[in-house]
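K.L.:
Fold the following and give me the result.
(one chain, ligands or ions: 1)
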Amino acid sequence: MKAAFVQTAPVFGEARINVDRAVEKIEKLDASLIVLPELYSTGYQFRSKKELLELAEEVPSGYATKRLNEVAKAKGAFIVAGLAERVGKKAYNSAVLVGPKGLIGTYRKAHLFWDEKKIFARGDTPFKVYRAGKVRVGMMICFDWLFPEAARALALQGADIICHPSNLVLPYCPAAMITRSLENRVFTITANRVGTEERVPGKKLKFIGSSQVTSPYGEVLVRAGSKKEEAASVEIDHLMARGKRITPLNDIFKDRRTDLFFK
Ligand code: ACM
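P.N.:
Sure thing, here's the model as predicted:
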């Protein structure tokens, strides 16, 4: 199968433009699983909860999910994308998994980063694995990378590929995701954005790009640069993630000393 990321540079608040541009990029890709960044339709730095609620959309009826459904159906592909999800008077920093038959699952970001804590509701969805055709897919969002339990929970439930929409500003994540791959023997696809936002004076954010696909053996199969919009797809064998044996006598899941972890 071919797995891909689309690295974008959204214009804050211009959901129609951002969604249509992302869909155009998806249309050109040769891949059956495609990951877009966190908050791909809106941009990142909301000035207030009010502004967030105005721009957030219901899932799956909002434009950002609907257009992904359409392109997933046309391509026969699965897509994971981050977006601001409105539920009544709350908004979640969510990721959706859509396929040729529509919405498959929604994950709401568990570990909110910095000012996200002031405006988004904390995620309330479990870390869950979904089927995307033959492949088992898990979702986590950006800052979740710093909490190894997120990737571990997905891997223990059988994820082959962890899809990781991101808006990274700290430099550590691309290297850390190699470890998340190795310690769980899974593929990861991090889709990040590029560009800067300074909608709050004095709080300039520079997004680091460097979207990548990593293998269960800790290889970086493809990595984007840090400045431009880019898309890349890579051939992977998702079944590589099913074997957890690292020597004839070691299985990285069965060897876990859970009896000693919390005494
Ligand atoms: C992040 O979680 N957007 C850094």
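
K.L.:
Please count neighbours and contacts with C-alpha atoms only from this point.
P.N.:
OK.

K.L.:
How about the secondary structure of V96?
P.N.:
Look at V96: counting by DSSP: H, G, I helix; E, B strand; the rest coil, its state is strand.

K.L.:
likewise Y44?
P.N.:
coil.

K.L.:
Quick check: mean pLDDT of stretch 192-201?
P.N.:
Stretch 192-201 shows a mean pLDDT of 97.

K.L.:
In that stretch, which residues are buried?
P.N.:
Residues of stretch 192-201 classed as buried under the neighbour-count rule (16 or more other C-alpha atoms under 10 Å) are N192, R193, V194, G195, T196, E197.

K.L.:
end-to-end on that stretch?
P.N.:
23 Å (C-alpha to C-alpha, to the nearest Å).

K.L.:
quick check, that stretch touching the ligand?
P.N.:
No. Using C-alpha under 6 Å from any ligand atom, stretch 192-201 stays clear of the ligand, coming no nearer than 9.2 Å.

K.L.:
Could you check the pLDDT of the one residue in the chain that gets nearest to the ligand?
P.N.:
Residue of the chain nearest the ligand, by C-alpha to the nearest ligand atom: F143 (3.6 Å). pLDDT, F143: 98.

K.L.:
picking that back up, next, format the buried residues of stretch 192-201 as a markdown table and append secondary structure.
P.N.:
Listed next are the buried residues of stretch 192-201 as a markdown table, based on three-state DSSP:
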| residue | secondary structure |
| --- | --- |
| N192 | coil |
| R193 | strand |
| V194 | strand |
| G195 | strand |
| T196 | strand |
| E197 | strand |
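
K.L.:
sec struct for A151, please.
P.N.:
Per three-state DSSP, A151 ends up helix.

K.L.:
Wait, it touches D160, no?
P.N.:
No. Using C-alpha atoms under 8 Å, A151 is not in contact with D160; the gap is 11.0 Å.

K.L.:
where's G225 relative to P126, distance?
P.N.:
Taking C-alpha to C-alpha, one finds G225 at 32 Å from P126.

K.L.:
Between the buried residues of stretch 192-201, which sits nearest G43?
P.N.:
Nearest to G43 out of the buried residues of stretch 192-201 is E197 (C-alpha to C-alpha; 8.5 Å).

K.L.:
For the closest one, list each beta-bridge partner.
P.N.:
L205 (DSSP bridges).

K.L.:
tell me the contacts of it?
P.N.:
F12, Y44, Q45, K204, L205, K206 (C-alpha atoms under 8 Å, 6 or more residues apart in numbering).

K.L.:
Touching, the fifth one and T196? I think so.
P.N.:
Which is L205. Yes. Contact criterion C-alpha under 8 Å: L205 and T196 qualify, at 5.4 Å.

K.L.:
before we move on, the earlier item: list only those of the contacts of E197 flagged as buried.
P.N.:
Applying 16+ other C-alpha under 10 Å to the contacts of E197, the neighbour count classes F12, Y44, Q45, L205, K206 as buried.
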